[in-house]
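Asks: can you look at this prediction? I've put the sequence above it.
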Amino acid sequence: MSVSGVSPTTGTTSADATKNTAAKSNTVDYDAFLTLLVAQMKNQDPLNPTDSTEFVSQLATFSSVEQAVQTNTKLDSMMTVSALTQANQLIGRTVTSADGSVSGVVTAVRVADGGVQAVLEGGDTVMLQSGTEVE
């Protein structure tokens, strides 16, 4: 199925829409899983039915995967909080980018797509990464 002529009507870009769609397509809730399970049961071969323990195994596997995804999401948010806490100590200090092109006194820190950024007095930003100098 192809769709053409669709454009975002809100402030999101097509890249944002793609990220949101990808995130939603990777998520399957219990209702969707049960719907798939019922469809599988309805369409199985009556002369060679699937063993009920296989369904229980599928449910257990699905539950384990969902738990792992939730754990990873929580770990990501903990890592972000930790990075912000550490970066907060840079306010008032001079930071130079890894390539040496940008330098200045940090006035704020923020989370961006690539990680944590230091906002400098002049409005420039420096991504806090390996090679960034702090004085």
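Replies: Perfect, thanks for sending it. Keep in mind it's a predicted model, so treat the numbers as computed, not measured. Numbers count the residues shown, from 1 in each chain.
Asks: CA only for contacts and neighbour counts going forward, please
Replies: Fine.
Asks: next one: the residue of the chain most remote from its centre from residue 128, what distance?
Replies: Relative to the centre of the chain, the most outlying C-alpha is that of residue 47, 44.5 Å out, by Cα atoms, centre = their mean. Separation of residue 47 from residue 128 (Cα to Cα, to the nearest Å) stands at 62 Å.
Asks: beta-bridge partners for the nearest residue to residue 88 once chain neighbours are set aside, please?
Replies: Here the nearest residue to residue 88 in space, its sequence neighbours aside, is residue 109; by Cα to Cα, 6 or more residues apart in numbering that works out to 6.4 Å. Beta-bridge partners recorded for residue 109 (DSSP bridges): residue 118.
Asks: show me where the chain has strands.
Replies: For the chain, the strands defined by DSSP state E occupy 94-96, 103-112, 115-120, 125-127, 133-134.
Asks: which one of these lies closest to residue 52?
Replies: Closest approach to residue 52 among the strands of the chain (Cα to Cα): strand 115-120, 46.2 Å.
Asks: ok and the closest one relative to strand 103-112, angle-wise?
Replies: For strand 115-120 against strand 103-112, the angle by axes from the mean of the first three to the mean of the last three Cα atoms, to 10 degrees is 140 degrees.
Asks: gap between strand 115-120 and the chain center?
Replies: Centroid displacement of strand 115-120 relative to its chain, using Cα atoms, centre = their mean, to the nearest Å, is 19 Å.
Asks: got the buried residues for that strand?
Replies: Neighbour-count burial for strand 115-120 flags 116-120 (criterion: 16 or more other Cα atoms under 10 Å).
Asks: same thing with stretch 59-77?
Replies: Those buried within stretch 59-77 under the rule 16+ other Cα under 10 Å are 59, 62, 66.
Asks: OK, contacts around the residue nearest to the spatial centre of the chain?
Replies: With distances taken as Cα atoms, centre = their mean, the residue of the chain nearest its centroid is residue 73 (7.2 Å). Applying Cα atoms under 8 Å, 6 or more residues apart in numbering to residue 73 gives no contacts.
Asks: if anything else comes up later, I'll come back, but that's it for now.
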